[in-house]
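> A structural model of the following input is requested.
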Amino acid sequence: MVGAERTSVIPRTLKLGTRGSALAMTQSGIVARSVEAATGRIVELVQIRTEGDINLGPLATIGGTGVFVAAVRAALAAGEVDLVVHSCKDLPTAPVDGITLAVVPPREDPSDALCARDDLTLDELPLGSKVGTGSPRRAAQLLRLRPDLTISDLRGNVPTRLGKVSNGELDAVVLAASGLNRLSLAGSITQILTAAQMLPAPGQGALAVECRTADVDTDFYQACIGQLDDFATRACIAAERSFLAVLEAGCTAPVGALATISGDEMTILGAVFAPSGSTELRGSASGFAADAEVIGADLASQLLAEGAAALMATG
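Numbering: from 1, shown residues only. Here you go, the predicted model:
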């Protein structure tokens, strides 16, 4: 059998490619331990520097979609590593020849979290408070809720961002709850923002494990997929990414989406914002979870018909 023959070429010690940030290493470590438990193989983490790690300018000006992904995928395609892990929200929606999204593990909390001085909530921040974020999506929604806020562009790893609050440079920052949880920094959260307050980025809180397409049918990878892939998370991610793809918006666009599943039914909430936070278009769609991509695409088409493309381009 082809699959049985190909299993012999999967190395005993696997190389897993990852960005070198504390969060990326922690996330990849979670996947590595799961792969080791599922397959009995040893997994070695290989750090790969990406454009997003080297260039700390605003994401929208240094390439946006893909700046955290391209170098890691290149190492996979070149055979330098055997599998790679990404934050799902960083993945471009366009498929890449020769690379397959093999495993989507169970999702962490997809919410955004406020980390503010003096344990303040968003409503309690004084007028004109400085809030840090490098995300146009978060900035737009913050300004929708609190037009008086001063938004400060923010890059760097999670501890660096939190440090700007503790040293008094900023009054608060907004970060992904999932990253804070994985780094055991949930104690820094002063408020979990609901989807009604701030829709998360498509894919936020989920991880994506990719392998070479030529390897995906081997017994090894099928064992990984069978034991580690989570249907509900994969379906929700498929809907959210389909929503993003039809909008033709990248990971830095002011777009939010969150899909949930109850039984066989899926509901996706989606919104597009003017970068200034002045206006939004928001909607929802439902259907069978098996039709996840269609549900996400239908919602995007609905918002495009209402003027989403023009809204994203406004100031």
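> now stretch 108-121: average pLDDT?
Mean pLDDT, computed over stretch 108-121, is 98.
> over to stretch 287-302?
Across stretch 287-302, pLDDT averages out at 97.
> also stretch 148-163?
93.
> output it as CSV, nothing but the C-alphas.
C-alpha atoms of stretch 148-163 as CSV (Å, rounded to 0.1, in the frame of the first residue of the first chain):
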residue,chain,number,x,y,z
ASP,A,148,-12.9,59.6,23.2
LEU,A,149,-10.0,57.0,23.5
THR,A,150,-6.6,57.6,22.1
ILE,A,151,-5.5,54.5,20.2
SER,A,152,-1.7,53.9,20.3
ASP,A,153,-0.2,51.6,17.6
LEU,A,154,1.4,48.6,19.4
ARG,A,155,3.7,45.8,18.3
GLY,A,156,6.0,43.4,20.2
ASN,A,157,5.5,40.3,22.2
VAL,A,158,2.8,39.9,24.9
PRO,A,159,5.0,40.7,27.9
THR,A,160,6.3,43.8,26.2
ARG,A,161,2.8,45.0,25.5
LEU,A,162,1.7,44.4,29.1
GLY,A,163,4.8,46.2,30.3
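> that stretch: which residues count as buried?
For stretch 148-163, burial by neighbour count (16 or more other CB atoms under 10 Å) applies to Leu149, Ile151, Ser152, Leu154, Arg155, Asn157, Val158, Arg161, Leu162. To be clear about C-beta, it is placed using only N, CA and C from the backbone, and glycine gets the same treatment.
> got it, and stretch 125-136?
Across stretch 125-136, burial judged by 16+ other CB under 10 Å covers Leu125, Ser129, Lys130, Val131, Gly132, Thr133, Gly134, Ser135, Pro136.
> equivalent analysis for stretch 308-315, please.
Buried positions in stretch 308-315, judged by neighbour count with 16+ other CB under 10 Å: Ala308, Leu311, Met312.
> and the buried residues of stretch 148-163, which two are the farthest apart?
Leu149 and Asn157 (23.3 Å; CB to CB).
> helices of this structure, start to end?
Here the chain has its helices, by DSSP state H, at 2-7, 22-39, 51-54, 59-62, 70-77, 136-145, 158-166, 177-182, 219-228, 231-247, 292-305, 308-313.
> out of those helices, flag the one nearest Leu199.
helix 136-145 (7.1 Å).
> so what secondary structure elements neighbour that closest one?
Where contact means 3 or more CB pairs under 8 Å, 6 or more residues apart in numbering; DSSP states H and E, helix 136-145 is packed against strand 150-152, strand 255-262, strand 265-273.
> would you format the ones you listed as a markdown table with distance to Ile42 included?
Compiled in a markdown table, the helices and strands packed on helix 136-145 are given as follows (distance: least, CB to CB, whole Å):
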| stretch | distance to Ile42 |
| --- | --- |
| strand 150-152 | 43 |
| strand 255-262 | 35 |
| strand 265-273 | 38 |
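> quick one: closest of the ones you listed to Ala223.
Of the helices and strands packed on helix 136-145, nearest to Ala223 by CB to CB is strand 255-262, at 25.0 Å.
> can you pull the buried residues of that closest one?
Using 16+ other CB under 10 Å as the test for burial, strand 255-262 gives Val255, Gly256, Ala257, Leu258, Ala259, Thr260, Ile261.
> least confident secondary structure element in this structure?
Lowest by mean pLDDT, DSSP states H and E among the helices and strands of the chain is helix 2-7, with a mean of 39.
> now do the same contact list for the closest residue to Gly270 other than its chain neighbours.
Closest residue to Gly270 apart from its sequence neighbours, by CB to CB, 6 or more residues apart in numbering: Ala257 at 4.4 Å. By CB atoms under 8 Å, 6 or more residues apart in numbering, the contact set of Ala257 is 199-202, 239-240, 243-244, 268-271, 296, 299.
> with that, I have no additional questions.
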